[in-house]
Each structure stands twice: as structure tokens, then as C-alpha cells.
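Participant: build me a model from this:
(one chain, ligands or ions: 1)
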Amino acid sequence: MIELHRAETFAGGIPHGLFASMRADPGLTWTPDHAGTTGFWSVGRHRDLVTVSRDTETYSSAVGHIQIYDIDADALDARASMIDLDPPVHTRLRRLVSSAFTPKHVELYRQAVRDRVRSCLDQLEAAGGGDWVSTVAAPIPIGVICDIMGVPEDDHQYMIELSDHLVAGTANEPLEPTAYGNTTELRLLPFNSPAAFAMAAYASELADRRRQDPRDDLITRLINAEVEGESLNRDEFANFFRLMIFAGNETTRSSMAHLALHMVQFEEAFERVRSDRSLLPTVADEVVRYSSPILYFRRTVSQPTVLSGTELAEGDKVVMWYASANFDENVFDDPLMFQPERSSVPTHVAFGGGGAHFCLGASLARLEVAELIEEMLDRGLHLTEVGEPTFVESNFVNGIEHLDVNVRRDRSRKEQQ
Ligand code: HEM
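Facilitator: The predicted model follows:
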């Protein structure tokens, strides 16, 4: 049995061999009921994943759950945010924030991103190195998404802590139910994590502050927003807030953490980018493809269908393994090769396989990763003595917890400064 429901399968990063054999098998791959999960179908090929992702009528995000394990109907209701809903409700919610994340609009955030990148790299350089994750990869994306939302700087570290605690809910061990003063049953909380309770409490308190003191931020926009003539209620607002913080932070952080490994492992590729900066957009996408920060999302079949010759019944769980489709040898030439010049067509699926739920923050994430790479190259910063990464224990995110690095500047560049 292929144990894709277990965090251990991902303990050393993406299991490329296992995914390659899954892609080579005809049809979809079945994992039977095991260890508390009911059986599910795995989609590993790029073509099949795109089909599932774009057909929200057959493959629902609202029915069942978007993670492998099942949850009760009341738990689904309690946590519903746009990512767990289907059109047309999904579309109405997404419209509340989508204009803040268009490629054109995110250009307005570029200078703020650059300032954050510079300040983090200054700290790393001053110390001669340290933990790449806590010094660079974690603070940049949380800082950026918190600025956009309107979360004060003093609370950014708390948001990182809560976001980490959410991910901890995807490991195999149950979490302490009363952490953060939680009083809600764990089964009703996203990722079964008390941090979801704490984030909701924080969101509610911040919303109250913004009602008194409105600002030009997304929190203020959301508390004043109306969907079909009604404002978001307390729970809807909290779910929205949680989604934005988690999605805007955890994923980009993971790509930035993996970037450090890529820069060492594929040094020559980055040398090519150093001399040809027109490669910056494509190299950023290659980092995201290669790191595939979200390993999967699940859909539930809402009407009988056939995919790749496999018959699917209503209620079947279908899991889209982005981390497999991004290395599909029928789509990507030499997929394990890191290629900054890789064409953007066909596109990787790290941001989703297209359709209604395609990542809202894709342009922002690309900009953040490209800014970090460009600043590293401008400074001639080399990562030396990169330690062994400690991977996050999860079958859902491909995260890195710690990564010790030493840094030094290219001497010729230093002299030019
Ligand atoms: C490298 C970074 C990122 C990766 C790999 C990533 C990945 C994904 C994926 C795979 C989905 C699709 C979910 C689905 O089909 O069910 C998604 C959706 C989403 N992402 Fe991202 N994401 C990243 C960065 C961001 C950022 C910076 C934001 C901040 C706004 C963000 C916000 C969202 C939201 C709100 C959704 C839900 C969209 C919807 O349901 O319509 N993401 N992301």
C-alpha cells in the first residue's frame, strides 16, 4: 500500500521515486481505509490533476473536506472559508479581496517586500549566518501578508507561531486540546489545532479595533464588506482571516526555505540568472515548482465520472498531488533538473491546477521569491556550509523547520560596494 496519508512518507522531502511509480501505473492509485482515514484515490499525473482542478461541478471543495481525513458536517460548516466552498458562493467571497492580489496591484507592494528582504539579509549577514528559516524565510512572507491585512508588526511573531501550530495539526500526533486557552472541541477546529481558536480570537479583537479606527487595509475592507447584502459574521470573518494568514505565510516561507537548498545544489543555474536578470520571473516559478510547498489538496466526487480509465462514484475522495504532477516526465523535460530557463507553458501546478481556486496570492508569492533571489544575487551572497534541513512533519506541506547556513559575500562584489 502507498502510504500517502502518513507524514512519515514525507519525512525526507518529496518522495520522487514513489510518485514516479504512481504516475507510471495506469488509472488512479487507490489507498484503502487505513489508520483512521477512509480510502482515497490519488491523482499524480499533471493532465489528470488539471482536469480535476478545473471541474468544480464534478470535483467539489464544499462536499467532504479538502484534506485527506474526513470531518463531521458541523466541523465543515464551522471552518468554511472560500477555499472550502464551490462557486457561486466561493466566487462572491473571493471577489471581496481579489483586486488586492492582481499582478498589477501587487506591484504596489514591491518596495515594501524589498525593504523586508534587505533587512532580513542584513541580519543574516551581520551574524555571518544562522537559521535561514527563522531569519529570512519566515519573517518575509508573514511580514508582507500581515502588512496587507493590517496586522501590527509587534504581532507578526505571534502569527508565525499560530501558523506553525496549525501545521502541527497535520502531523500524526494529537495536539494539547487546551493550548492557547482553547475551549472549542478540537474536531471543530481547522487542522484540529487550538491555534485556530487563538487566531479567531485575535481576528475578532483586531476587527473591533478597526471598527473604531478604520485603516486602508484588508481587515477594514472585510469588516465593511457585504455578501448578498449581509456583512460577514464573526465566524466568517475569522475563517477568512485565518485562511489569508495561513495561505500567505506558510507556503511562500516554504519556497524561500527551499531556495537556500536550491542555491547551493544548483549553483551554476543561479550563476546564469546572475548574468541574465531577465530570468528572474522564470527562476522564481522554478523555485516554487521544485519546492511544491503544498503537497496536495483533496476534492470529493459529486457525480459519477471516469478519470484516466478509473470509475469514480459519488462521494469518492480524490487527492491531487501537486508534488507529483510538478515532476511529471510527460510534461516537464528532465523534471528533476532545476532550470531557470524553463518555459512557463506548460505551467507547474504548485499554485493549483487552474480554475476557480487557483492561488489568489500567486503573483504576490512570485514577486516575493524573485525579490529575495535578486537581492541575494546583487549582494553576491553565497550560502556556505548549509546544514541538514529539518523537515516539517506533515503530509500536507513540504516545509522546512530549520536550516543552518553560513554566508559570505563574493569578494569581487564586496570591493565594488
Ligand atoms: C509559493 C507560495 C504559494 C503556494 C505554493 C500556494 C499554493 C496554493 C494552492 C495549491 C492553492 C489551491 C487550492 C485549491 O485548489 O483548493 C492556493 C489557494 C489559495 N492561496 Fe495560495 N499559495 C501560495 C502563496 C499564497 C499567498 C502569498 C497568498 C496570499 C494572499 C495565498 C492565498 C491563497 C488563497 C486565499 C487561496 C484560496 C483561493 C480560493 O479558494 O479561491 N497563497 N494556494
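Participant: pLDDT below threshold where in the protein?
Facilitator: Confidence mapping of the chain against pLDDT under 70 gives the ranges 1, 34-37, 172, 411-417.
Participant: mind doing that once more with 80?
Facilitator: 1-2, 34-37, 169-174, 411-417 (pLDDT under 80).
Participant: how about stretch 43-59 as CSV, C-alpha atoms only?
Facilitator: Output in CSV follows, covering the C-alpha atoms of stretch 43-59 (Å, rounded to 0.1, in the frame of the first residue of the first chain):
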residue,chain,number,x,y,z
VAL,A,43,-4.1,11.8,-8.8
GLY,A,44,-0.4,12.0,-9.7
ARG,A,45,-0.3,13.0,-13.4
HIS,A,46,-0.3,16.6,-14.5
ARG,A,47,-3.1,16.1,-17.1
ASP,A,48,-5.5,14.4,-14.6
LEU,A,49,-4.8,17.0,-11.9
VAL,A,50,-5.7,19.8,-14.2
THR,A,51,-8.9,18.1,-15.2
VAL,A,52,-9.9,17.7,-11.5
SER,A,53,-8.9,21.2,-10.5
ARG,A,54,-10.9,22.9,-13.3
ASP,A,55,-14.1,20.9,-12.9
THR,A,56,-15.8,22.2,-9.7
GLU,A,57,-19.1,20.7,-10.7
THR,A,58,-17.8,17.1,-10.6
TYR,A,59,-15.0,17.6,-8.0
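Participant: buried residues of it, list them for me.
Facilitator: Going by neighbour count (16 or more other C-beta atoms under 10 Å), the buried part of stretch 43-59 is 43-46, 48-56, 58-59. (C-beta placed from N, C-alpha, C; glycine too.)
Participant: what is the most widely separated pair among those residues?
Facilitator: Spatial extent of the buried residues of stretch 43-59 (C-beta to C-beta) is set by the pair Gly44 and Thr56 at 20.7 Å.
Participant: now, among the buried residues of stretch 43-59, which is nearest to Ser278?
Facilitator: Nearest member of the buried residues of stretch 43-59 to Ser278, counting by C-beta to C-beta, is His46, at 26.3 Å.
Participant: distance of the closest one relative to the ligand?
Facilitator: Counting by C-beta to the nearest ligand atom, to the nearest Å, the gap from His46 to the ligand is 14 Å.
Participant: what sits against that residue?
Facilitator: 325-326, 328, 330-331, 346, 349 (C-beta atoms under 8 Å, 6 or more residues apart in numbering).
Participant: what about 6 Å?
Facilitator: 325, 328, 331 (C-beta atoms under 6 Å, 6 or more residues apart in numbering).
Participant: how many residues are close by the last one?
Facilitator: Spelled out, it's Val331. Other residues within reach of Val331, judged by other C-beta atoms under 10 Å, total 17.
Participant: follow-up on the earlier one: from the contacts of His46, which land in helices?
Facilitator: Counting by DSSP state H, the part of the contacts of His46 found in helices is Ala325.
Participant: which one of the contacts of His46 is nearest Leu108?
Facilitator: Once C-beta to C-beta is applied, the member of the contacts of His46 that ends up nearest Leu108 is Ala325, at 32.2 Å.
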